[in-house]
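**Student:** Structure here, sequence nowhere to be found:
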């Protein structure tokens, strides 16, 4: 039971049913990186981000990879060592 002094984050911290998404949208990536969605889209177009995965018709980025990429200093795709020829398709096998 929540008390008046409890915050929403306190209530959510004890809820084990909350799931953190492992695939992120462009909007979520831009927020994590602290840039605008437009800036993120330009970085993607110039291959300066990790390569996205394609889920149906949606481009997504792996959360763990994005955080590792940030820790590595945000290198371009070629330096990051990912396949710059295209994104892998997920779920259309």
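**Tutor:** Everything's here; your move. Nothing here was measured: the structure is a model prediction, and the numbers come from that model.

**Student:** how about the helices in the protein?
**Tutor:** Applying DSSP state H to the chain gives helices spanning 8-13, 26-33, 37-45, 63-71, 77-80.

**Student:** quick one, which of those is packed in tightest?
**Tutor:** Compared across the helices of the chain, helix 26-33 shows the largest average neighbour count, a mean of 17 (mean count of other Cβ atoms under 10 Å). All C-beta atoms are positioned from the backbone trio N, CA, C, and that covers glycine.

**Student:** quick one: it to helix 37-45, angle?
**Tutor:** 100 degrees (axes from the mean of the first three to the mean of the last three Cα atoms, to 10 degrees).

**Student:** Could you save the helices of the chain as a markdown table and add columns showing mean pLDDT and distance to residue 53?
**Tutor:** Shown next, in a markdown table, are the helices of the chain (pLDDT from 0 to 100; distance: least, Cβ to Cβ, whole Å):
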| stretch | mean pLDDT | distance to residue 53 |
| --- | --- | --- |
| helix 8-13 | 50 | 28 |
| helix 26-33 | 97 | 12 |
| helix 37-45 | 97 | 13 |
| helix 63-71 | 95 | 9 |
| helix 77-80 | 88 | 13 |
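
**Student:** would you turn those into TSV with distance to residue 19?
**Tutor:** Formatted as TSV, the helices of the chain follow (distance: least, Cβ to Cβ, whole Å):
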stretch	distance to residue 19
helix 8-13	12
helix 26-33	14
helix 37-45	23
helix 63-71	12
helix 77-80	27
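
**Student:** Assess the claim that residue 43 and residue 61 are in contact.
**Tutor:** No - Residue 43 is beyond contact range of residue 61, at 11.3 Å (criterion: Cβ atoms under 8 Å).

**Student:** Pull up the overlap in contacts between those two.
**Tutor:** residue 49 (Cβ atoms under 8 Å, 6 or more residues apart in numbering).

**Student:** about what we covered before: select, out of the helices of the chain, the one closest to residue 56.
**Tutor:** Of all those, it is helix 26-33 that lies closest to residue 56, at 14.9 Å by Cβ to Cβ.
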